[in-house]
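Q: Sequence plus the predicted model coming up.
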Amino acid sequence: MNHETPTAPERTVRTETPAVQPTPVIAITGLSKRYDSGFEALKQIDLEIQRGEIFALLGPNGAGKTTLISIICGLVNASSGSVMVDGHDNVTDYRAARAKIGLVPQELTSDAFETVWNTVRFSRGLFGKPPNDAHIERILKALSLWDKRKNKLITLSGGMKRRVLIAKALAHEPEILFLDEPTAGVDVELRRDMWEVVRELRNSGVTIILTTHYIEEAEEMADRIGVINGGEIVLVREKAALMRQLGSKQLTLHLQTPLASVPPALAHYPLTLAEEGSVLVYTYDASDAGDDGHVSVSALINEIEAAGIRFKDLHTKQSSLEDIFVNLVRERP
Amino acid sequence: MNLQAVRSIYIFEMARAGRTLLQSLISPVISTSLYFVVFGAAIGSRIQEVEGVSYGAFIVPGLIMLMLLTQSVSNASFGIFFPKFTGTIYEMLSAPISYFEIVLGYVGAAASKSAILGLVILVTANFFVDLHILHPFMMLLFLLLTALTFSLLGFIIGIWADSFEKLQLVPLLIITPLTFLGGSFYAIDMLPPFWQTVTLANPVVYLVSGFRWSFYGISDVSIVASLVMIGVFLAASLAVISWIFRTGYRLRP
């Protein structure tokens, strides 16, 4: 695929979305993590999360997603660099920083013998907030946990436990919510519920940072996308811009009569034949799909007709975020 | 100071004991009662008095110490080990709460529980033997300091342990033998001279001796030595805990 290397992703984003506020809610600078084993999980990460956005962090297993989240939330100590949460350093001013954050961890952990109600209430207290049963009731109802509030956690299914973890993370009314692989192993219904809650939270001004393997989720939900691979941020882009810039399009023509080879008259187009010559495929950059792009597609079709090639059917396909992601990760091992 | 969080942890831990009342309160009371029946009534009636105190009464402070030590250690170690084991510790680490507050919540609850247990056993003992408490204030001081110190030790063990086996190791292999050999059931001068000297290296001797002194005014070692010893224990535990938190040992990689 033919695309530009984004050298300064942050600057690019700002020029693309001038509406973005100048003060980021999370500012990460020069963040590195080397574990005692010598493994370098993060290498000089610089990242800014804007207030009120949904930011999706994509990356293959072991890319450093969870380490990054763990450092921001205070579970892991950074080797160097700093994290500012709404202007508060997350080490020297950890109380103010952590009070703003809610974390839904990747693994399903629970105090087996506690009830749903007590464990969510406990979370609120842990974050120093006075009891507010009305708030907890609202959360439990929004997450369809209200009927289960008296159940012990050990009796709940995996999906229900996931809901409980979300409820716990929301118990202290955080301004920033981290969702680490929230939909791993979760059924369709819960996934829908969860995204409904996420949308409502975003509408109420909560910033959401999520990691996911399900790229279609990022594609559907996120405002911006960051790709992390091998402990480095490969790129950060507004989702729409990313799709536009890095996605490619394909025009597929189903021919009436198969061709043995691409006619010389069409050789200046990057055309390929498939399915024993009965399908003609034209691949072009989605970034060209503006005015020029359309001209080139219609010009191509004119020339194909002029060359005496007849086709039964045609369709175009936009590459998905998944294709883009796979390409990015493959190109920068 | 995030008092709300300390309160939450404290209540959570006390509620855990409430759920397991059988294990945390009734079982120690029953096993102590058995000691009283066997050593106090059955065998004790054939043992001569120790320094003017009947044998049944003599062993009460030692038995309370035995329970206090083992329960403080096991309670506090399990309290912090379990969230580590299940992974729920993530919430503690991501909360706006200092290490001091975490210790206050967990150790406070563990110490409260074993202090309550100690008092319950004291009341139980009263049914079996004639008890006199010469220095009630000192008795309470010893009780609370011991509960606190050994809950701190338990907390350290709970953080250090990365398996259930290790969690049981220290209480089983160190605390229980030291307590049994620490003069819970005998006065040190009942031992041959050589073992009298050896036993002075056992820190529990000082605790039992001081605690017994607060009941009957008799002691194996001086009361000052007992107080110094428990002070040293407390300081050592606090030092280890502050090191753990400074380095993030086993909590924050």
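A: That came in fine, so what should we check first? On a predicted model such as this, the values are computed, not experimentally measured, just so you know.
Q: going forward, measure contacts between C-alpha atoms and count neighbours the same way
A: Noted.
Q: per-residue confidence for residue 70?
A: Just so you know, I chose chain A. pLDDT recorded at A:Ser70 is 93.
Q: That was the other one, I meant chain B.
A: Looking at B:Thr70, the pLDDT reads 89.
Q: ok, now B:Ile241?
A: With respect to pLDDT, B:Ile241 has a value of 91.
Q: Would you confirm that it contacts B:Ile156?
A: Yes. Counting by C-alpha atoms under 8 Å, B:Ile241 does reach B:Ile156; the two are 6.5 Å apart.
Q: and A:Pro24, what does it touch?
A: By C-alpha atoms under 8 Å, 6 or more residues apart in numbering or on different chains, A:Pro24 lies in contact with A:48-51, A:86.
Q: Need those in TSV (columns: pLDDT).
A: Putting those into TSV (pLDDT from 0 to 100) gives the following:
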residue	pLDDT
A:Glu48	94
A:Ile49	94
A:Gln50	93
A:Arg51	92
A:Asp86	92
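Q: Name the nearest of these relative to chain B.
A: Proximity of the contacts of A:Pro24 to chain B (C-alpha to the nearest C-alpha) peaks at A:Asp86, which lies at 14.7 Å.
Q: Isn't the closest one up against A:Ile28?
A: No. Applying C-alpha under 8 Å as the test, A:Asp86 and A:Ile28 come out as separate, 11.1 Å apart.
Q: all strands of chain B, in order?
A: When assigned using DSSP state E, chain B turns out to have no strands.
Q: longest helix anywhere in it?
A: helix B:55-86 (DSSP state H).
Q: Please identify the residues of the stretch 51-200 of chain A in proximity to chain B?
A: When proximity is defined as C-alpha under 8 Å from any C-alpha of the partner chain, the stretch 51-200 of chain A approaches chain B at A:73-77, A:94-99, A:103, A:105, A:109-111, A:122-123, A:125-130.
Q: Show me which of those are buried.
A: A:73-77, A:94-99, A:103, A:105, A:109-111, A:122-123, A:125-129 (16 or more other C-alpha atoms under 10 Å in any protein chain shown).
Q: Return the subset of these lying in strands.
A: Reading strands off those with DSSP E, I get A:Leu103.
Q: Which of the buried ones among the residues of the stretch 51-200 of chain A next to chain B fall within helices?
A: Filtering those for helices - DSSP H - leaves A:73, A:94-99, A:122-123, A:125-126.
Q: Would you mind putting those residues into CSV with pLDDT alongside?
A: Output for these, formatted as CSV (pLDDT from 0 to 100):
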residue, pLDDT
A:Cys73, 93
A:Tyr94, 92
A:Arg95, 93
A:Ala96, 93
A:Ala97, 93
A:Arg98, 94
A:Ala99, 94
A:Phe122, 93
A:Ser123, 94
A:Gly125, 94
A:Leu126, 93
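Q: Which member of those residues is positioned nearest B:Tyr55?
A: A:Phe122 (47.6 Å; C-alpha to C-alpha).
Q: Quick check: the gap between the closest one and B:Pro171.
A: 30 Å (C-alpha to C-alpha, to the nearest Å).
Q: what sits against the residue in the stretch 101-250 of chain A positioned nearest to chain B?
A: Scanning the stretch 101-250 of chain A for proximity to chain B using C-alpha to the nearest C-alpha identifies A:Leu126 as nearest, at 4.1 Å. By C-alpha under 8 Å, 6+ apart, the contact list for A:Leu126 reads B:4-6, B:8-9, B:92, B:95-97.
Q: from the residues you listed, which are also near chain A?
A: Okay, of the contacts of A:Leu126 touching chain A (C-alpha under 8 Å from any C-alpha), that's B:4-6, B:8-9, B:92, B:95-97.
Q: Helices along the stretch 51-200 of chain A, start to end?
A: A:65-73, A:94-99, A:116-126, A:133-142, A:158-170, A:188-203 (DSSP state H, counting those that start in this stretch).
Q: which other residues reach the second one?
A: Surrounding helix A:94-99, the residues in contact under the criterion C-alpha under 8 Å, 6+ apart are A:73-74, A:84-86, A:88-90, A:127, A:172, A:174, B:94-97.
Q: Repeat the analysis, applying 10 Å as the threshold.
A: Contact with helix A:94-99 is made by A:26, A:72-74, A:83-91, A:126-129, A:172-176, B:1-2, B:93-98, as judged by C-alpha atoms under 10 Å, 6 or more residues apart in numbering or on different chains.
Q: go on, the last one?
A: Under the criterion C-alpha under 10 Å, 6+ apart, residues A:51-54, A:139, A:142-144, A:159-160, A:162-163, A:166, A:170, A:174-177, A:179, A:182-186, A:204-208, A:217, A:220-221 lie in contact with helix A:188-203.
Q: got the angle for it vs helix A:158-170?
A: Using axes from the mean of the first three to the mean of the last three C-alpha atoms, to 10 degrees, one finds that helix A:188-203 and helix A:158-170 are set 10 degrees apart in direction.
Q: how about helix A:188-203: buried residues?
A: A:190-191, A:194-195, A:197-199, A:201-202.
Q: What of stretch B:22-32?
A: Buried-residue list, stretch B:22-32, by 16+ other C-alpha under 10 Å: B:24-25, B:28-29, B:32.
Q: same check, this time on stretch B:132-152
A: B:135, B:138-140, B:142-152.
Q: Might one say that A:Ser82 is in contact with A:Asp93?
A: No. A:Ser82 lies out of contact with A:Asp93 (C-alpha atoms under 10 Å); the separation is 11.7 Å.
Q: Neighbour count: those two, which is higher?
A: Shown here are A:Ser82 and A:Asp93; by other C-alpha atoms under 10 Å in any protein chain shown, A:Ser82 has more neighbours (20 against 14).
Q: so what's the more buried one bridging to?
A: The partner list for A:Ser82 in beta bridges (DSSP bridges) reads A:Thr29.
Q: And the pLDDT at it?
A: 93.
Q: Strands along the stretch 151-300 of chain A, start to end?
A: A:176-180, A:207-212, A:224-229, A:232-238, A:248-255, A:271-274, A:279-285 (DSSP state E, counting those that start in this stretch).
Q: would you turn those strands into JSON lines with mean pLDDT?
A: Formatted as JSON lines, the strands of the stretch 151-300 of chain A follow (pLDDT from 0 to 100):
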{"stretch": "strand A:176-180", "mean pLDDT": "93"}
{"stretch": "strand A:207-212", "mean pLDDT": "90"}
{"stretch": "strand A:224-229", "mean pLDDT": "89"}
{"stretch": "strand A:232-238", "mean pLDDT": "88"}
{"stretch": "strand A:248-255", "mean pLDDT": "83"}
{"stretch": "strand A:271-274", "mean pLDDT": "84"}
{"stretch": "strand A:279-285", "mean pLDDT": "82"}
